[in-house]
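Trainee: sequence plus the predicted model coming up.
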Amino acid sequence: MARPFHKMHGLGNDFVIFDGREEPLAMTEPLARAVADRRTGIGCDQLIVLEPSSRANVRMRIYNHDGGEVQSCGNASRCVVALTGARTIETGGGVIAGSEDGGRIEVSLIEPRFAWDQVPITYPMDTDAVPMGWGPLEKPMAVNVGNPHLVFFVDDVDAIDLVRLGPSIEHDPAFPERINVNVAQVKDGAIRLRTWERGAGLTLACGTGACATAVAAIKSKRVTSPVKVTMQGGSLEIAWVPGEPVRMIGSATYVFRGEIELERLGA
Ligand SMILES: N[C@H](CCC[C@H](N)C(=O)O)C(=O)O
């Protein structure tokens with residue numbers, strides 16, 4: 001039986017969204033992987049399943065391109081606010097808040113967490129300068145904004161071979177839940193960012209990556225809040241002061257509505 005879905009993106013970070021609030025949808029890792037496949041499925045960086053919530057207007061479950069369920073997705077949260085009008089969203093990383101003013105959507109994620117066991121990292125260390133290196137990338141900052149991120153500040157983001165370095169950092173045993181890898185360049189008070197996403201690889205934009213990177217840059221006094229973060233797919237405005245949730249403002253784009261018979265995917 002055909003099941004409707006919405007195709008949306010946030011700055012080119014694209015999503016397939018199923019609404020399971022009326023008609024529950026039991027998502028599995030193989031099925032999420034099959035839907036996300038850009039040749040034999042619909043194709044997306046992340047798959048989103050909406051569910052009822054007792055803690056928020058809606059619950060958002062997030063599955064990476066590799067099928068793994070994860071705790072947070074910044075760009076998708078803006079799409080869910082735009083699609084549903086929700087003002088609060090329950091995620092695995094906590095309840096987040098959203099609002100819309102014309103095409104500008106603001107989402108407050110959680111208050112960032114910096115302790116080694118909150119990122120999480122396997123053993124105690126200073127997360128302001130993780131004492132590790134991978135080729136030209138070393139001494140990153142680590143932060144959890146609902147999901148785990150490493151942030152490397154470099155002189156030229158385009159000079160970093162993230163496709164080669166990303167996977168070995170993502171899968172390093174130091175990170176028990178794997179990790180999202182951000183390389184950032186600060187120039188004239190703004191940030192240029194490229195992200196190798198856990199479970200999805202190089203994406204055109206990463207909302208939680210932009211939040212994690214802005215928080216790291218503000219915390220290390222490289223920039224002041226709010227800060228513009230520009231990625232290949234476009235820019236977000238990120239605001240954060242210590243002790244408060246990190247806030248992101250940006251767009252959400254509706255591309256098309258479709259239908260799919262999930263059983264045909266054979267997953
Ligand atoms: N790959 C991320 C999830 C999606 C994050 C990104 N799409 C965003 O907009 O935040 C993770 O495994 O935590």
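Mentor: Good, I have the coordinates.
Trainee: now do the helices in the stretch 101-250 of the chain.
Mentor: Ranges of helices within the stretch 101-250 of the chain are 162-170, 207-219, based on DSSP state H, counting those that start in this stretch.
Trainee: of those helices, flag the one that's most buried.
Mentor: Most buried of these, by mean neighbour count (mean count of other CB atoms under 10 Å): helix 207-219, with a mean of 28. In this view, the C-beta of every residue, glycine as well, is placed from N, C-alpha and C.
Trainee: just the mean pLDDT for it, thanks.
Mentor: For helix 207-219, mean pLDDT rounds to 98.
Trainee: now do Lys228: how many residues are near it, please.
Mentor: Taking other CB atoms under 10 Å as the criterion, the count of residues near Lys228 is 16.
Trainee: and if you look at Ser235?
Mentor: 19.
Trainee: please name the bridge partners of it.
Mentor: On the basis of DSSP bridges, Ser235 is bridged to Thr230.
Trainee: one more: Asp14?
Mentor: For Asp14, the beta-bridge partners are His9 (DSSP bridges).
Trainee: surely it meets Cys44?
Mentor: Yes: applying CB atoms under 8 Å as the test, Asp14 and Cys44 come out as touching, 5.0 Å apart.
Trainee: common neighbours of these two, please.
Mentor: Here Asp14 and Cys44 have Lys7 as joint contacts, going by CB atoms under 8 Å, 6 or more residues apart in numbering.
Trainee: got CSV for the helices of the stretch 101-250 of the chain, with distance to the ligand too?
Mentor: CSV is the format used below for the helices of the stretch 101-250 of the chain (distance: least, CB to the nearest ligand atom, whole Å):
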stretch, distance to the ligand
helix 162-170, 9
helix 207-219, 3
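Trainee: dump the ones you listed to JSON lines, plus distance to Pro140.
Mentor: Shown next, in JSON lines, are those (distance: least, CB to CB, whole Å):
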{"stretch": "helix 162-170", "distance to Pro140": "9"}
{"stretch": "helix 207-219", "distance to Pro140": "8"}
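Trainee: so which of those helices is nearest Cys73?
Mentor: helix 207-219 (6.7 Å; CB to CB).
Trainee: the ligand contacts on the stretch 1-150 of the chain?
Mentor: 13, 45-46, 64, 70, 73-75, 147 (CB under 6 Å from any ligand atom).
Trainee: CA atoms only: put the lowest-mean-pLDDT helix or strand in the chain into PDB for me.
Mentor: Of all helical and strand segments in the chain, the minimum by mean pLDDT, DSSP states H and E falls on strand 94-101, at a mean of 94. Taking C-alpha atoms only, strand 94-101 is exported to PDB below (Å, rounded to 0.1, in the frame of the first residue of the first chain):
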ATOM      1  CA  GLY A  94      16.200  16.500  24.100                       C
ATOM      2  CA  VAL A  95      13.100  18.700  23.400                       C
ATOM      3  CA  ILE A  96      13.900  21.600  21.100                       C
ATOM      4  CA  ALA A  97      11.900  24.700  20.300                       C
ATOM      5  CA  GLY A  98      11.100  26.300  16.900                       C
ATOM      6  CA  SER A  99       9.400  29.300  15.400                       C
ATOM      7  CA  GLU A 100       8.800  30.700  12.000                       C
ATOM      8  CA  ASP A 101       8.800  34.300  10.700                       C
END
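Trainee: identify all contacting residues around it.
Mentor: Identification of contacts with strand 94-101 by CB under 8 Å, 6+ apart yields 55-56, 72, 77-78, 80-82, 85-89, 105-110, 146, 245.
Trainee: now, these that are in strands?
Mentor: Residues of these located in strands (DSSP state E): 88-89, 105-108.
Trainee: can you give me the buried ones in stretch 143-157?
Mentor: Across stretch 143-157, burial judged by 16 or more other CB atoms under 10 Å covers 143-154, 157.
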